[in-house]
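Q: any chance you could fold what I've pasted below:
(chains A, B, C and D)
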There are 2 protein chains.
Amino acid sequence: MTQAKKNKDGRISAQNKALILAAAEKEFAKHGFNGTRIQQVADAAGLPKTNVLYYFKSKHDLYVEVLEQILSLWNSAFDEASIDDDPADVLARYIAEKMEISRTKPEASKIFALEIINGAPNLHSFFKEQHIHWMDGRVSLLQSWIDQGRLHTRDPYALLFHIWACSQHYADFGAQIEVLKGEPFDEHAFSEATKDLIELILKGCGLHVPERYK
Amino acid sequence: MTQAKKNKDGRISAQNKALILAAAEKEFAKHGFNGTRIQQVADAAGLPKTNVLYYFKSKHDLYVEVLEQILSLWNSAFDEASIDDDPADVLARYIAEKMEISRTKPEASKIFALEIINGAPNLHSFFKEQHIHWMDGRVSLLQSWIDQGRLHTRDPYALLFHIWACSQHYADFGAQIEVLKGEPFDEHAFSEATKDLIELILKGCGLHVPERYK
DNA sequence: TTATCGGTTGACCAGATGGTCAGGTTTTTG
DNA sequence: CAAAAACCTGACCATCTGGTCAACCGATAA
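A: Predicted coordinates for the structure are as follows:
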C-alpha cells in the first residue's frame, strides 16, 4: 500500500537494523570512521556487506544513525534539577550517572569523544544549539548556587568540563588504565573510582559528600 | 664515503624532515591516522608526495616519528619531585605544565589522545614499560604523602588520571569549549582555567593553593 | 671532466573499498 | 492464491591511495 511506502520498519527490518547498529557502534569505537570498513561491520553483524548497504544508504549514513542513537544516552536527571535542590546531591548524582555510562557504554563514549575531538563534523547544528541551550540553563543554575554561597567555585563552565573530562576519561582510556594500574578495571574498581571522583569534585567545590556516595 | 653512508641528516635533509613532521602533526591531529592522506601532508609541507616518501619509508613510519617527537613533551618537573617537596607546590606546578602543553601544543595532545583511545597500537612496548615504571614511582611518592597525612585522597592513581583527563580535555575539546562558552578560548581564558583546575584538584585533596597559582 | 651521491619527481601500479545493480527469494497483503 | 512489497546478495565497477621505480638534477670531490 502507498501508506506503507515509507514504513521501512517491518519486523525483519527493525531487527537487522538494530543488529547492524550494534555492530557498527563497536567497530566505529575501535577504528574511528575512516578506519572502519563496511565489510567489518557486516562481518560483526553476521550479514553480507550488501545487506548493510541495503538498510543504510552509505557508510556516512550509518555513522550518523549510530551517533544519533548515542545522543539519547546523554539525558540526565541533572537536566531537571532546580535551585531548590541540594547542589551536593545533584552533582554527586550527575557524576555517578556519567561514570555509569562510561562503564556500561564505553563504545558510545569513545565515538562521542572521537566525534568531538574532530570538531563534531557530523553533529547536526540543531544538536549543537540544543546543547548550548542546555548548557546555558545548567550554568545559570550553578551560578545561582554560587551566588547563594552554597557552591564555591569560580567558573561553572569549568566545573562541568571537569566532570565530563574525568568521567569520559574512564571510558576512553579504559585500556590504558588497566595497563597502568596493573589490574582489571572491573565494576568494583569503577565504583571506587566514582566515589573518588565525587569526593574530589565536591570537596573541590566546598561541598560535603552525601552519605550514600561515600 | 662509506662513513657517511648512514648519515641521512645533511642540511637539506634535516630541514625537510622537520618541515614534513610539522605538517604531519597538524594533519594527523585533524584527521587521525586513517583519515590522513600522504598527499595532504605533502601539500601542507609544500612538497610533492614522492618527496615525503623519500624521507619516511611509509605513512606508518611517518606517524611513529611524529609520535616519538610528541613523547618528548611529556617530561615534567614532577618526574624528579621527592617526598621532601611540598605536595601542593608540586601538584599545582604539574597541573600548570600539563595545561601549558594543551594550550601550546594542542595537536600533539590530540594525537596522543587518539593514540591512547585506540589502545596505543603504535607505541613501542618499551615506552609502555617506561611509563608504568614512571607511574609506579609517582604513585608511591603520592602514597607517602598520603601516609604522612599531607595529602588527603584515597587513590593516587585516580588523582593522576583526573589531572590528565582535565588538562587534556582542554586540548582535545578546545573547539567544543569555544562553541559552548560562546567566546574565544585564548591565553587569558587558559590561564583562568588553569587556576580553576588547580583550585579544584588541590582543594579536592585537602591542599592549600599556593599564592602564585591563585 | 667525470664519477658519486644526496636529493627530486612524474609516471605508474596493485590492492582495497565504497557503492551500484539486476535478478532472485521471502513475506505481507488484498 | 497472486501480486506487490520487502528483503537479500553475488557480481561488478570507479575511484582512491600507499607505495615503487627509473630517470633526472646539481653540487662536490677526485
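
Q: CA only for contacts and neighbour counts going forward, please
A: OK.

Q: domain assignment for chain A?
A: Domain assignment for chain A, taken from automatic domain parsing, gives A:9-69, A:75-213.

Q: now render the ones you listed as a markdown table, adding distance to DNA strand D.
A: Output for those, formatted as a markdown table (distance: least, CA to the nearest atom of the strand, whole Å):
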| stretch | distance to DNA strand D |
| --- | --- |
| domain A:9-69 | 4 |
| domain A:75-213 | 17 |
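
Q: surely A:L202 meets A:R93?
A: No. A:L202 sits out of contact with A:R93 when judged by CA atoms under 8 Å, with a separation of 11.2 Å.

Q: pLDDT score for the residue lying closest to A:I20 once chain neighbours are set aside?
A: Sequence neighbours aside, A:A45 is the residue nearest to A:I20 in space, at 5.6 Å (criterion: CA to CA, 6 or more residues apart in numbering or on different chains). For A:A45, the pLDDT comes out at 97.

Q: again with A:Q3
A: Reported pLDDT for A:Q3: 32.

Q: what helices or strands is the worst-scoring helix or strand of chain A on mean pLDDT leaning on?
A: When the helices and strands of chain A are scored by mean pLDDT, DSSP states H and E, helix A:174-181 comes last with a mean of 79. If you count contacts as 3 or more CA pairs under 8 Å, 6 or more residues apart in numbering or on different chains; DSSP states H and E, helix A:174-181 packs onto helix B:125-147.

Q: does the helix it packs on reach chain A?
A: Yes. Interface with chain A: helix B:125-147 contributes B:131-132, B:135 (CA under 8 Å from any CA of the partner chain).

Q: tell me the one among those nearest to chain A.
A: Within the residues of helix B:125-147 next to chain A, proximity to chain A (CA to the nearest CA) peaks at B:I132, which comes in at 5.5 Å.

Q: and chain A, which residues reach DNA strand C?
A: For chain A, the residues found near DNA strand C under the criterion CA under 7 Å from any atom of the strand are A:1, A:10-11, A:34, A:36-39, A:50, A:53, A:57-60.

Q: let's have those in a markdown table, adding distance to B:Q176 and secondary structure.
A: Shown next, in a markdown table, are the residues of chain A next to DNA strand C (distance: CA to CA, whole Å; DSSP: H, G, I helix; E, B strand; the rest coil):
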| residue | distance to B:Q176 | secondary structure |
| --- | --- | --- |
| A:M1 | 46 | coil |
| A:G10 | 38 | coil |
| A:R11 | 39 | helix |
| A:N34 | 21 | helix |
| A:T36 | 24 | coil |
| A:R37 | 28 | coil |
| A:I38 | 29 | helix |
| A:Q39 | 32 | helix |
| A:T50 | 36 | helix |
| A:L53 | 32 | helix |
| A:K57 | 29 | coil |
| A:S58 | 27 | coil |
| A:K59 | 25 | helix |
| A:H60 | 22 | helix |
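
Q: rewinding a little: so what touches the next helix or strand after the least confident helix or strand of chain A?
A: Remark: after helix A:174-181, the chain's next helix or strand is helix A:187-204, criterion DSSP states H and E. If you take CA atoms under 8 Å, 6 or more residues apart in numbering or on different chains as the criterion, helix A:187-204 is touched by A:88, A:91-92, A:95-96, A:99, A:103, A:153, A:163, A:166, A:208-209, A:213-214, B:153-155, B:158, B:162, B:199-206.

Q: ok, 7 Å please
A: A:88, A:92, A:95-96, A:99, A:208-209, A:213-214, B:154, B:158, B:199-201, B:203-205 (CA atoms under 7 Å, 6 or more residues apart in numbering or on different chains).

Q: what is the orientation angle of that helix with helix B:187-204?
A: In terms of direction (axes from the mean of the first three to the mean of the last three CA atoms, to 10 degrees), helix A:187-204 departs from helix B:187-204 by 110 degrees.

Q: work out the gap between helix A:187-204 and the centre of the chain.
A: Distance, stretch centre to chain centre, for helix A:187-204: 18 Å (CA atoms, centre = their mean, to the nearest Å).

Q: pLDDT weak spots in chain A?
A: Counting by pLDDT under 70, chain A contains low-confidence residues at A:1-9.

Q: if we can go back for a sec, now do the contacts for the residue nearest to A:I20.
A: A:A45 touches A:19-20, A:23, counting by CA under 7 Å, 6+ apart.

Q: quick check: the gap between it and A:A24.
A: To A:A24, A:A45 is 8 Å away according to CA to CA, to the nearest Å.

Q: also A:A96?
A: 27 Å.

Q: and A:L207, what element?
A: Using DSSP H and E, A:L207 is not contained in any helix or strand.

Q: and for stretch A:159-175, what are the contacting residues?
A: A:95, A:98-99, A:102-103, A:106, A:109-110, B:116-117, B:119, B:162, B:165-166, B:169.

Q: which phi and psi does A:F28 have?
A: Backbone torsions of A:F28, given as degrees, to the nearest 10, read phi -60, psi -40.

Q: can you name the residues that contact it?
A: By CA under 7 Å, 6+ apart, A:F28 lies in contact with A:36, A:111.

Q: so A:A96 and A:A24 - more neighbours on which side?
A: Neighbours of A:A96 and A:A24, each counted by other CA atoms under 10 Å in any protein chain shown, are more numerous for A:A24; the result is 26 against 20.

Q: surely that one touches A:V41?
A: Yes. Using CA atoms under 7 Å, A:A24 is in contact with A:V41, at 5.4 Å.

Q: distance check, the spatially most central residue of chain A against chain B.
A: In chain A, the centroid-proximal residue (CA atoms, centre = their mean) is A:S109; its distance is 4.5 Å. Remark: distance between A:S109 and chain B (CA to the nearest CA, to the nearest Å) = 11 Å.

Q: which SS state does that residue fall under?
A: At A:S109, secondary structure determined by DSSP: H, G, I helix; E, B strand; the rest coil is helix.

Q: ok, it - contacts?
A: Residues near A:S109 by CA under 7 Å, 6+ apart: A:102, A:168, A:171-172.

Q: ok, now A:T36?
A: A:27-28.

Q: same check, this time on A:S102
A: A:S102 touches A:109, A:167-168, A:170-171, counting by CA under 7 Å, 6+ apart.

Q: and if you look at A:E107?
A: Contacts of A:E107 by CA under 7 Å, 6+ apart are A:25-26, A:29.

Q: A:V90 too?
A: A:F78.

Q: could you redo the last one with a cut-off of 10 Å?
A: Applying CA atoms under 10 Å, 6 or more residues apart in numbering or on different chains to A:V90 gives the contacts A:77-78, A:80-82, A:96.

Q: next, count neighbours for A:A92.
A: Neighbourhood size, A:A92 [other CA under 10 Å]: 21.

Q: the closest residue to it other than its chain neighbours and B:A23, how far apart?
A: Of all residues not flanking A:A92 in the chain, A:I198 sits nearest, at 5.7 Å (CA to CA, 6+ apart). From A:I198 across to B:A23, the span is 41 Å (CA to CA).
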